[in-house]
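[1] Could you work out the structure for the sequence below:
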Amino acid sequence: MPGVSPDQPPPGLEQLRLFNTRTRRVERFQPREPGKVGIYTCGPTVYAPQHIGNMRSQFLPDILRRVLIAAGYDVNLVTNITDVGHLVGDLDDGDDKMEVAARSSGRSAAEIAAHFTAQWADDRRRLGMLEPDLLPCAAAHIPEQIAMIEQLEAGGHTYVIDDGVYFDVSTFPTYADFARLDLDDQDTTGRIDNVAAKRHPADFALWKRSPEGVQRQQEWESPWGRGFPGWHIECSAMATKYLGRQFDIHTGGVDHIGVHHTNEIAQSESALGVHPWVDMWMHNEFLDLGGEKMSKSTGNLYVVQDLVDRGFDPLAFRYFLLQAHYRQQQAFTFDALEAAATAYRRLVGHAVRARDAAAGAVDPARVEPERRRFWEAMADDLNAPQALAVASRVAKSADLPAIDRWWLLADFDRVLGFGFADAVDPESVDEATGTDEVIDGRVAEREAARQRRDFTTADRIRDELAAEGVVLVDTPTGATWRRS
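    Modelled structure (predicted):
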């Protein structure tokens, strides 16, 4: 069977078109350096678990990166870890979220950051996401942040008040352009002036001095006194260090447009003397729960483990995300996830059976039309729902021999990320389940523990069974088991 060569971009990807938030247009993508693409993605603030809504903001750069790799580009994806400096909401008052979490938990800020960074990284892997090329942490890049603030100070873009150093938005005349803000209307900016000495409500903190008499876990010496960086400066400093003074693409959630990304642009272009700092900005919409966005503040969040505990394969959630365009809000319900899980299992089953039955040679005339349809959909601003429909049609096709179906699905999986090459047919897993009364009883005991949300007991039973060579398979209708 012919292979899928990364040196031969699929037909349809010749003209990749992406929506650019900066221009509000779908534009043909053209990298700054031929054959190479630099992407910066806003990563997690690791003071609490990263919920599945956060994971949608990581899904966009994963799909984007996979498409760019398929198109033949050498991609460098940098995703930051915010482990210091994120104040309450987007305001410039209150305390750093890492410090608050440390005080309330009795653990150190470093321990909290390490714990939730590991959870986030593990959940990305469970959702089939490729590893970022670089994962810089804000706390490890304080010198770079101080250096950029000094550049801004030398250019006349800052002022100092009692609690720290602030960026003066009046020195950046195009400050409001990116988010189409009305700076005369505080409500439009989404910020309230809680720092009395600020010259304008939109001015934002670059460096915060530690309060008098308060010893913080995370604080550093600086030209402006002992303290810690504001939230926004970390992304500008780290993106510039690893991707250069100007780069190709910056991604994040739509909630970053009006504040965080607006501030990144202002400070970066002011410090570096460039425009545009980033050529293309891409933003994903929220997951929606009954008219509310999923967030820590509302308490209506689920993490990937919650889905697993309800019997869902994490890749079923990946399938769910593929069903909506990244620029559309996506309504999350467990009924919708169950429907996605069913469709996912069927797709995997078709792929595995085609793979195992594949024989002979691929017919280019047969595979070319569907291959072009799939990649043209992805080239059209990452239209994953349309591409997924093509994959589903191919998987079920009675007109294509197994060899052609498998070749196409293996090609599509470069973006889908389901791991068809190593997958097991869900039906064969069901057929391999055992009927041992003792094991059945322990599986039932684990299920009862899960129902009462005693996940410590449920995990212990699962681990004990695994040590005895018994593999549990969680499904929407309950757990089954088989011997490994």
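[2] Based on its surroundings, how many neighbours for N20?
    Counted with other C-beta atoms under 10 Å, residues neighbouring N20 total 19. Every residue, glycine included, has its C-beta placed from N, CA and C.
[3] With H157 instead?
    21.
[4] Please apply the same query to the one 10 residues further on.
    For F167, the count of nearby residues is 26 (other C-beta under 10 Å).
[5] confidence score at it?
    Here the pLDDT value assigned to F167 is 97.
[6] show me what contacts it?
    Listed by C-beta atoms under 8 Å, 6 or more residues apart in numbering, the contact partners of F167 are L152, H157, T158, D203, F204, A205, L206, N263, A266, Q267, S270.
[7] where along the stretch 351-484 of the chain do the helices fall?
    With DSSP state H, counting those that start in this stretch as the criterion, the stretch 351-484 of the chain has helices at 364-379, 384-396, 402-416, 426-431, 437-451, 455-467.
[8] could you redo those helices as a markdown table and give each row mean pLDDT, distance to V214 and mean neighbour count?
    Listed next are the helices of the stretch 351-484 of the chain as a markdown table, based on pLDDT from 0 to 100; distance: least, C-beta to C-beta, whole Å; neighbours: other C-beta atoms under 10 Å:
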| stretch | mean pLDDT | distance to V214 | mean neighbour count |
| --- | --- | --- | --- |
| helix 364-379 | 96 | 51 | 19 |
| helix 384-396 | 98 | 48 | 19 |
| helix 402-416 | 97 | 49 | 23 |
| helix 426-431 | 61 | 56 | 14 |
| helix 437-451 | 84 | 43 | 15 |
| helix 455-467 | 82 | 36 | 14 |
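[9] Could you export the ones you listed as CSV, including distance to Y326?
    Shown next, in CSV, are the helices of the stretch 351-484 of the chain (distance: least, C-beta to C-beta, whole Å):
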stretch, distance to Y326
helix 364-379, 12
helix 384-396, 7
helix 402-416, 13
helix 426-431, 27
helix 437-451, 32
helix 455-467, 31
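[10] that older thread, give me the buried entries from the contacts of F167.
    L152, H157, T158, D203, F204, A205, L206, N263, A266, Q267, S270 (16 or more other C-beta atoms under 10 Å).
[11] I'd say F204 and S236 touch.
    No: when contacts are counted by C-beta atoms under 8 Å, F204 is not listed as touching S236 (11.8 Å).
[12] Can you tell me the SS state at the spatially most central residue of the chain?
    Ranked by distance to the mean C-alpha position of the chain (C-alpha atoms, centre = their mean), the top residue is Q58 at 0.9 Å. Of the three states, Q58 takes helix under DSSP: H, G, I helix; E, B strand; the rest coil.
[13] Tell me which residues touch it, please.
    Neighbours of Q58 in contact, by C-beta under 8 Å, 6+ apart: T41, G43, T79, R124, L127, M129.
[14] Could you count how many residues lie near the third one?
    When neighbours are counted by other C-beta under 10 Å, T79 registers 23.
[15] Can you list the low-confidence ranges for the protein?
    Residue ranges of the chain with pLDDT under 70: 1-8, 85-106, 185-194, 291-300, 428-435, 475-477, 483-484.
[16] Can you give the domain ranges for it?
    Listed by automatic domain parsing, the domain ranges of the chain are 1-16+333-426, 31-288, 432-483.
[17] Relative to F312, which of these is closest?
    domain 1-16+333-426 (5.5 Å; C-beta to C-beta).
[18] for the closest one, the distance to its chain's centre please.
    23 Å (C-alpha atoms, centre = their mean, to the nearest Å).
[19] and if you look at stretch 265-276?
    Counting by C-alpha atoms, centre = their mean, stretch 265-276 comes out at 25 Å from the chain centroid.
[20] Pop out the phi and psi values for G155.
    Phi and psi for G155, reported as degrees, to the nearest 10, are phi -90, psi 0.
[21] again, but for D313
    The phi/psi pair for D313 (degrees, to the nearest 10) is phi -70, psi 130.
[22] got a list of what it touches?
    Residues near D313 by C-beta under 8 Å, 6+ apart: A341, Y344, R345, D474.
[23] can you give me the strands in the stretch 201-350 of the chain?
    All strands of the stretch 201-350 of the chain, identified by DSSP state E, counting those that start in this stretch, fall at 204-209, 227-229, 247-253, 278-284, 287-289, 292-293, 330-331.
[24] closest to L135 out of these?
    strand 247-253 (15.0 Å).
[25] and the closest one with strand 278-284, angle?
    20 degrees (axes from the mean of the first three to the mean of the last three C-alpha atoms, to 10 degrees).
[26] Which neighbours in the sheet does strand 247-253 have, and how are they oriented?
    strand 36-41 (parallel), strand 278-284 (parallel) (DSSP bridges).
[27] Using TSV, lay out the ones you listed together with distance to G311 and mean neighbour count.
    Below are these laid out as TSV (distance: least, C-beta to C-beta, whole Å; neighbours: other C-beta atoms under 10 Å):
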stretch	distance to G311	mean neighbour count
strand 36-41	30	23
strand 278-284	27	23
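[28] Is it possible to get TSV of those that adds distance to V470?
    Converted to TSV, those look like this (distance: least, C-beta to C-beta, whole Å):
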stretch	distance to V470
strand 36-41	39
strand 278-284	39
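[29] For T21, find the nearest of the ones you listed.
    strand 278-284 (4.1 Å).
[30] quick one: contacts of that closest one?
    18-22, 27, 29, 32, 40, 56-57, 59-60, 64, 178, 246-254, 256-257, 261, 265, 326-327.
[31] Filter those residues down to the buried ones, PyMOL style.
    Restricted to buried positions by 16+ other C-beta under 10 Å, the PyMOL selection for the contacts of strand 278-284 reads:
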select buried, resi 18+19+20+21+22+29+40+56+57+59+60+64+178+246+247+248+249+250+251+252+253+254+256+257+261+265+326
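[32] I249 contacts V37, correct?
    Yes: in this structure, I249 is within contact of V37 by C-beta under 8 Å, at 6.8 Å.
[33] Do a quick rundown of the helices in the stretch 1-150 of the chain.
    Using DSSP H, counting those that start in this stretch, helices in the stretch 1-150 of the chain cover 52-70, 97-105, 109-126, 142-154.
[34] what helices or strands is the third one leaning on?
    So that's helix 109-126. Taking 3 or more C-beta pairs under 8 Å, 6 or more residues apart in numbering; DSSP states H and E as contact, the helices and strands that helix 109-126 lies on are helix 52-70, helix 97-105, helix 304-309, helix 314-322.
[35] 7 Å - rerun?
    helix 97-105 (3 or more C-beta pairs under 7 Å, 6 or more residues apart in numbering; DSSP states H and E).
[36] Phi and psi next, for D454.
    phi -90, psi 80.
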